[in-house]
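S.K.: Any chance you could fold what I've pasted below:
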Amino acid sequence: MIPIPGSQLPLFFVGGSLAFIAKDIGGATTEAWMPISYWLALATIAPFCGYLQDFFGRRNITLAGGVVLRVGIIVVGTAHSIGAAVTGMAIAGAGAAIEELIALAG
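M.R.: Next up, the predicted model:
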C-alpha cells in the first residue's frame, strides 16, 4: 500500500466530484479555480513552515495547521457560492502546506 500525504486529501475528496460541486453552487465556468487556489495557497505557505516551526514550536504549528485544514474543508462543505468554495480551498491549502512539510520533517 502506498501512503498518501495528508495534504492531498482535500483534492482527493473533491477531485472526482468537482464539476458537480461547481455546477451545484453556480460556478461551472470557473470550477478550475478550486484546485488552483488550493495549490497557490500551498505554494505560498510552504517556504515559511520551517521558520514557523523554529519560532512557535513544531507541536503548536502542527495543531494550528490541522485546525486551518479542517476549517477550510468545512468552508468548502458548506459553500453556497463558488467564491466561498474557492476561499475554502485556499484555506485548506494553507493548512495542508503546514501539515505536509511537518510530516516530511518528522
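S.K.: C-alpha only now, for contacts and for neighbours.
M.R.: OK.
S.K.: where does this protein have low pLDDT?
M.R.: 1-17, 27-28, 105-106 (pLDDT under 70).
S.K.: Which residue ranges of it form strands?
M.R.: Counting by DSSP state E, the chain has no strands at all.
S.K.: Tell me how far residue 71 lies from residue 29.
M.R.: 25 Å (CA to CA, to the nearest Å).
S.K.: Apart from its chain neighbours, what residue comes closest to residue 81?
M.R.: With sequence-adjacent residues excluded and distances taken as CA to CA, 6 or more residues apart in numbering, residue 81 is closest to residue 25, at 5.0 Å.
S.K.: show me what contacts the one you found?
M.R.: Residue 25 makes contacts with 79, 80, 81, 82, as judged by CA atoms under 8 Å, 6 or more residues apart in numbering.
S.K.: correct me, but the third one touches residue 26?
M.R.: This means residue 81. Yes: between residue 81 and residue 26 there is a contact under CA atoms under 8 Å: 6.5 Å.
S.K.: circling back to that earlier point, looking at residue 71 and residue 29, which is more packed in?
M.R.: residue 71 (17 against 11; other CA atoms under 10 Å).
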